[in-house]
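[1] Give me a 3D structure for the following:
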Amino acid sequence: MTLIIVRIFFVLISGVVGRQIGAMFEGASIYAPLIGMFVGVLGAGSILLLEILMKKISLRGLSAAVFGLILGILISRLIINAFIMPSLSEPFSIIFQTVVTLVFTYLGMVLALRGKDEFNLIIPYVKFTRQDISEDIILLDTSVIIDGRIADLCSTRFISGRFIIPRFVLKELQQIADSQDSLKRARGRRGLDILNKIQKNTGVDVKISEEDFPDVTDVDGKLVRLAKLLNAKIFTNDFNLNKVAEFESIPVLNINDLASALRVVVLPGEMLEVRVIKEGKEFNQGVAYLEDGTMVVIEGGKNLIGHNLKVVITSVLQTSAGRMIFAKVENNHQR
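    Take a look at the predicted model:
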């Protein structure tokens, strides 16, 4: 609403200024003030249209273009001062200066826009602080938000830094929450609830990034570009994004790797107390699970389903699907 008021005020002021300028030529025509007011309003409308069209231009891209423009002007002035000949007549001198200025300002703007990611002229999320203190910037992926464990991890204060949630990730999360599929809709809404929970955590600094990359279609690609731009880490549990980020030499925080690292270490010969849940695939086997989800295959446990019993670990097998523990009942003891 404020922006609309500012626009209306700008048009009115432009009309008044145009009328005043037109009044200066009232001797030539009695309609000069009206013509001046019309030209002022028309000019203001053209500027408003240009401003609306510039919505899609990012601030970082605009700053790069301005940098290229200034650089092009400086180079053109150097060339003009170095190569212009005093004997050159005035018309040819003006043409030479105009052409050189146009060419180098254009080349400067184009080169700056093509390399805008490397210029990094607008540096968000950076404060004037001591140089010996660094703050990690962590980008949150859609998958890790929906996963939900990040909220509990933030509550433990084991992870520090500034969490950045890109606008395109929020948009993807909202699309999932509005999906016709009930399962996807539930996952999306869970992700939004997790974000609200993280924002309410006073020990976590959360910001939303408006930066976007229109030339990149997929969200993973945009995350990688933004991480390279901000020199940030990516927090995810998406396998493909993990591999792409590693290939691009971007630090990745994978919550699944963290969960695997925190699993209880067990060795053959140790004793565990478990509850047999179901029958195993092989003959006379029972299956139990540890609190972290690790499967325990119990030899001779088929007939002990629903019982708590002590087992002795015989071997530990690490597979691509996770870790499996093989055990046997301790002297057929059960309780």
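
[2] After the lowest-mean-pLDDT helix or strand in the chain, which helix or strand is next?
    Ranked by mean pLDDT, DSSP states H and E, the weakest helix or strand in the chain is helix 116-119, scoring a mean of 54. Per DSSP states H and E, the first helix or strand lying C-terminal to helix 116-119 is strand 137-140.

[3] what does that next one contact?
    The contact list for strand 137-140 (CB atoms under 8 Å, 6 or more residues apart in numbering) reads 125, 150, 159, 161-166, 169, 223, 226-227, 230-235, 253. Where you see a C-beta, it was placed from the backbone N, CA and C, and this is true even at glycine.

[4] mind running it again at 10 Å?
    124-126, 150, 159-166, 169-170, 173, 191, 194-195, 198, 205-207, 209, 222-224, 226-227, 230-236, 245, 250-251, 253 (CB atoms under 10 Å, 6 or more residues apart in numbering).

[5] again with stretch 279-287
    The contact list for stretch 279-287, computed with CB under 10 Å, 6+ apart, reads 274-278, 288, 295-307, 309, 311, 326-327, 329.

[6] Report the buried members of these.
    Among the contacts of stretch 279-287, those classed as buried by 16 or more other CB atoms under 10 Å are 274, 276, 288, 295-299, 301-302, 304, 309, 311, 326-327, 329.

[7] follow-up on the earlier one: let's see which of the contacts of strand 137-140 end up in strands.
    Counting by DSSP state E, the part of the contacts of strand 137-140 found in strands is 162-166, 205-207, 209, 233-236, 253.

[8] Buried among those residues? Make that a PyMOL selection.
    Filtering the ones in strands among the contacts of strand 137-140 down to the buried ones (16+ other CB under 10 Å) takes a single PyMOL command:
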select buried, resi 162+163+164+165+166+209+233+234+235+236+253
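
[9] Flag the shaky bits of the protein, pLDDT-wise.
    For the chain, residues meeting the criterion pLDDT under 70 lie at 1, 26, 54-61, 83-92, 114-135, 319-322, 331-335.

[10] Helices of that one, start to end?
    In the chain, the helices defined using DSSP state H lie at 2-23, 32-53, 59-83, 90-114, 116-119, 142-147, 149-155, 167-177, 182-200, 219-230, 239-247, 255-261.

[11] Could you dump the ones you listed into a markdown table with distance to residue 136 and mean neighbour count added?
    Formatted as a markdown table, the helices of the chain follow (distance: least, CB to CB, whole Å; neighbours: other CB atoms under 10 Å):
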| stretch | distance to residue 136 | mean neighbour count |
| --- | --- | --- |
| helix 2-23 | 35 | 14 |
| helix 32-53 | 37 | 15 |
| helix 59-83 | 21 | 16 |
| helix 90-114 | 29 | 15 |
| helix 116-119 | 20 | 15 |
| helix 142-147 | 16 | 23 |
| helix 149-155 | 14 | 17 |
| helix 167-177 | 18 | 18 |
| helix 182-200 | 16 | 16 |
| helix 219-230 | 11 | 20 |
| helix 239-247 | 15 | 15 |
| helix 255-261 | 15 | 13 |
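
[12] Quick one: the ones you listed as CSV, columns for distance to residue 318 too.
    Compiled in CSV, those are given as follows (distance: least, CB to CB, whole Å):
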stretch, distance to residue 318
helix 2-23, 59
helix 32-53, 58
helix 59-83, 45
helix 90-114, 47
helix 116-119, 40
helix 142-147, 23
helix 149-155, 22
helix 167-177, 33
helix 182-200, 30
helix 219-230, 28
helix 239-247, 17
helix 255-261, 10
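
[13] Ok, which of those helices comes nearest residue 317?
    helix 255-261 (14.4 Å; CB to CB).

[14] send the alpha carbons of that closest one over as CSV?
    Provided in CSV are the C-alpha atoms of helix 255-261 (Å, rounded to 0.1, in the frame of the first residue of the first chain):
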residue,chain,number,x,y,z
ILE,A,255,22.0,-35.5,9.1
ASN,A,256,22.0,-39.2,8.1
ASP,A,257,25.8,-39.3,8.5
LEU,A,258,25.5,-37.7,11.9
ALA,A,259,22.9,-40.2,12.9
SER,A,260,25.2,-43.1,11.8
ALA,A,261,28.1,-41.6,13.7
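
[15] Which neighbouring elements make contact with it?
    Here helix 255-261 touches helix 142-147, helix 149-155, strand 233-236, helix 239-247, strand 322-329, going by 3 or more CB pairs under 10 Å, 6 or more residues apart in numbering; DSSP states H and E.

[16] and it, how far out from the chain's middle?
    In terms of CA atoms, centre = their mean, to the nearest Å, the centre of helix 255-261 is found 22 Å from the chain centre.

[17] That concludes my questions; thank you for your assistance.
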